[in-house]
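Novice: The following block contains a protein sequence and its predicted model.
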2 protein chains.
Amino acid sequence: MEISANMVKELRDRTGAGMMDCKKALVEAEGSLDRASEIIVKKGLAKAAKKSDRAASEGLVHSYIHQGGRIGVLVEVNCETDFVARTEAFKEFVDDVSLQIAANPPVCVRREEVPAELVAKQREIFEAQVRGEGKPDKIVPKIVDGKIDKWYSEVCLLEQPFVKEPGQTIEQVRTAVVSKTGENVQIRRFVRFELGEGV
Amino acid sequence: MEISANMVKELRDRTGAGMMDCKKALVEAEGSLDRASEIIVKKGLAKAAKKSDRAASEGLVHSYIHQGGRIGVLVEVNCETDFVARTEAFKEFVDDVSLQIAANPPVCVRREEVPAELVAKQREIFEAQVRGEGKPDKIVPKIVDGKIDKWYSEVCLLEQPFVKEPGQTIEQVRTAVVSKTGENVQIRRFVRFELGEGV
């Protein structure tokens, strides 16, 4: 099958992968852009996993102020070099992350960071709900596990669906930036202030 | 002594106090602008103290990004009404506070918020220093008290000298804004991220 330069370009724009990688993926996918993207993402994932051990202490501290000062977000996203920190792809990711946090307040970046007491409390709430629905004791823990899993995907930033493209999680967006920049990229920390909350 | 309209105007610009208050203060100070300012500030202080009980849940969440994304500050400053939150005087104060935190990292807003363990640790350090200088045991606690007091003025935002006008503390700047806006104004909370710190 003939792979046109236009198809390669479109796949590059979508994935940020190198020209040869795009061509190979298109050949493998017999010209289907969607399947070729998947191939790239899967390879990208493999690359990203290898990179996540590398030291990342450069990057950007970035802020996003929403509703004329009623909501504010401060985030630190790390990469390995100052050079990548200044690329459009990296800056756009940092921007998207800030927007995500403003729109969809997470509790923390990743599962390991959710406080154990919070998980225990949430588990109690779900258990009471499930029992209240009259489910048999035997299957309660399994249903609760499922609910906790779904809850994690709401409170952990990396597991949230990206507000601008709900088909992807933030972790998938992050992985795409790792592919594009060729560096380990990590969302290190964030805070979100809402005016007058808890006053 | 004759108090000119120009003098009243200059005092108003400096202090933000009302026209009649400025005229009275100038008469009392026999035309000295500096002494009249002091009179206004003292009266303002009295007013500010009365206002600090009033509920403040409006205001602004504001950010300041320094050095192209190497340092970031997020701050919430409260006032009583959305109207005051939109005034130049309030916005300027919020800006100045953010700049202050970026330039001179505090530990917290006020003395009561400094963690007790941190104070205890600092006290130990000072004690070891003072004893190391061979000071007699009897006077050690007093010298340490003095050092702790000075240390508080470094780590508490409100006690820091304002970077743009080191003759004033942030608390004095805050009090001036209370006078200008006629509302209770409080620095509620802040965070400061420095790129790669502790990675």
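Specialist: Structure received. Quick caveat: nothing in here was measured; it's all calculated off a predicted structure.

Novice: helix or strand right after the helix or strand in which residue A:97 is found?
Specialist: For residue A:97, the host element (DSSP states H and E) is helix A:88-103. Scanning forward in sequence from helix A:88-103 by DSSP H and E, the next helix or strand is helix A:116-132.

Novice: which other helices and strands contact whatever helix or strand comes next after that following helix?
Specialist: Sequence-wise, the next helix or strand downstream of helix A:116-132 (DSSP H and E) is helix A:140-155. If you count contacts as 3 or more C-beta pairs under 8 Å, 6 or more residues apart in numbering or on different chains; DSSP states H and E, helix A:140-155 packs onto helix A:116-132. In this view, the C-beta of every residue, glycine as well, is placed from N, C-alpha and C.

Novice: got the buried residues for the helix it packs on?
Specialist: For helix A:116-132, burial by neighbour count (16 or more other C-beta atoms under 10 Å in any protein chain shown) applies to A:122, A:123, A:126, A:127, A:130.

Novice: Is it correct that residue A:61 falls within a strand?
Specialist: Yes: counting by DSSP: H, G, I helix; E, B strand; the rest coil, residue A:61 is part of a strand.

Novice: Export only the CA atoms of stretch A:95-113, formatted as CSV.
Specialist: Only the C-alpha atoms of stretch A:95-113 are listed here, as CSV (Å, rounded to 0.1, in the frame of the first residue of the first chain):
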residue,chain,number,x,y,z
ASP,A,95,-1.1,25.0,30.5
ASP,A,96,-3.5,22.1,30.0
VAL,A,97,-2.7,20.6,33.4
SER,A,98,-3.4,24.0,35.1
LEU,A,99,-6.7,24.2,33.3
GLN,A,100,-7.6,20.7,34.3
ILE,A,101,-7.0,21.3,37.9
ALA,A,102,-9.0,24.6,37.9
ALA,A,103,-11.9,22.9,36.2
ASN,A,104,-11.9,19.5,37.9
PRO,A,105,-10.3,19.8,41.4
PRO,A,106,-8.2,16.6,42.1
VAL,A,107,-7.0,15.6,45.6
CYS,A,108,-3.6,14.6,44.4
VAL,A,109,-1.4,13.7,41.4
ARG,A,110,-1.3,9.9,41.7
ARG,A,111,-3.0,7.1,43.6
GLU,A,112,0.0,6.5,45.9
GLU,A,113,-0.6,10.1,47.3
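
Novice: Rounded mean pLDDT for it, please.
Specialist: Averaged across stretch A:95-113, pLDDT comes to 96.

Novice: repeat for stretch A:170-190
Specialist: 95.

Novice: Span of it from start to end?
Specialist: Its first and final residues considered, stretch A:170-190 spans 14 Å by C-alpha to C-alpha, to the nearest Å.

Novice: Flag every buried residue along that stretch.
Specialist: Quick answer for stretch A:170-190 (16+ other C-beta under 10 Å): A:170-190.

Novice: One more: stretch A:101-117?
Specialist: For stretch A:101-117, the neighbour count (16+ other C-beta under 10 Å) marks A:101, A:102, A:104, A:105, A:106, A:108, A:109, A:114 as buried.

Novice: so which of those comes closest to residue B:59?
Specialist: Using C-beta to C-beta, residue A:102 comes nearest to residue B:59 of the buried residues of stretch A:101-117, at 17.5 Å.

Novice: re earlier: near chain B too, which of the buried residues of stretch A:170-190?
Specialist: When the buried residues of stretch A:170-190 are checked against chain B using C-beta under 8 Å from any C-beta of the partner chain, the ones in range are A:188, A:189.
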